[in-house]
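Take this sequence and fold it.
(one chain, ligands or ions: 2)
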Amino acid sequence: SFVVTEACVRCKYTDCVEVCPMHCFLEGPEMLVIDADACIDCAMCVPECPVDAIVHESEATPAQAEVVALNARLARAAGWLPITRKKVLAPGPTSTSSS
Ligand code: SF4
Ligand code: F3S
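Residues are numbered from 1 along each chain as shown. Ligands and ions are numbered 1, 2, ... in the order given. Next up is the predicted model:
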């Protein structure tokens, strides 16, 4: 399955969640994770992430082994709830409001 890596931490763009046909994403306080049991390896989410946080577990670097395990663990953690709609972030000082 695909996994969410450390680039998502304190970032959480959440662009990824709306394209997932399987609703694999779960949200915690600082990042999202993918439920490996639900992921069908479609890779739809990969190009959606602005910081390239999503990688296939087979392509994770040795340094990312921990975050791969974290996805598996946190996908089952209490309090990590499915997220399927992109979050609307509070507008920052540099954001424009073209709607
Ligand atoms: Fe969802 Fe597909 Fe991404 Fe897996 S690879 S998390 S099924 S969008
Ligand atoms: Fe995280 Fe990227 Fe999704 S930053 S929330 S994995 S779009």
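
what's across from the residue most central in space within the chain in the sheet?
Closest to where the C-alpha atoms of the chain average out (C-alpha atoms, centre = their mean) is residue 32, at 4.1 Å. Beta-bridge partners for residue 32, by DSSP bridges, are residue 27.

near ligand 1, which residues of the chain show up?
2, 19-20, 22, 24, 34, 39-45 (C-beta under 6 Å from any ligand atom). In this view, the C-beta of every residue, glycine as well, is placed from N, C-alpha and C.

Nearest to residue 63, out of those residues: which one, please.
Nearest to residue 63 among these, counting by C-beta to C-beta, is residue 2 at 17.4 Å.

distance of the closest one from residue 88?
Noted for residue 2: a distance of 24 Å to residue 88, by C-beta to C-beta, to the nearest Å.

So between these two, which is more surrounded?
Relative neighbour count places residue 2 above the other of residue 2 and residue 88, with 25 against 7, counting by other C-beta atoms under 10 Å.

My guess is that one contacts residue 44. True?
No. Using C-beta atoms under 8 Å, residue 2 is not in contact with residue 44, being 9.5 Å away.

where do the helices sit along the protein?
65-74 (DSSP state H).

got the contact list for the nearest residue to residue 52 once chain neighbours are set aside?
For residue 52, ignoring the flanking residues on the chain, the nearest one in space by C-beta to C-beta, 6 or more residues apart in numbering is residue 7 at 6.4 Å. Going by C-beta atoms under 8 Å, 6 or more residues apart in numbering, residue 7 touches 49, 51, 52, 53.

what residues does the protein put near ligand 2?
For the chain, the residues in contact with ligand 2 (C-beta under 6 Å from any ligand atom) are 4, 8, 11-16, 32, 48-49, 51, 53-54.

before we move on, back to that, any idea how far residue 62 is from the residue nearest to the centre of the chain?
Using C-beta to C-beta, one gets 22 Å for the distance from residue 32 to residue 62.
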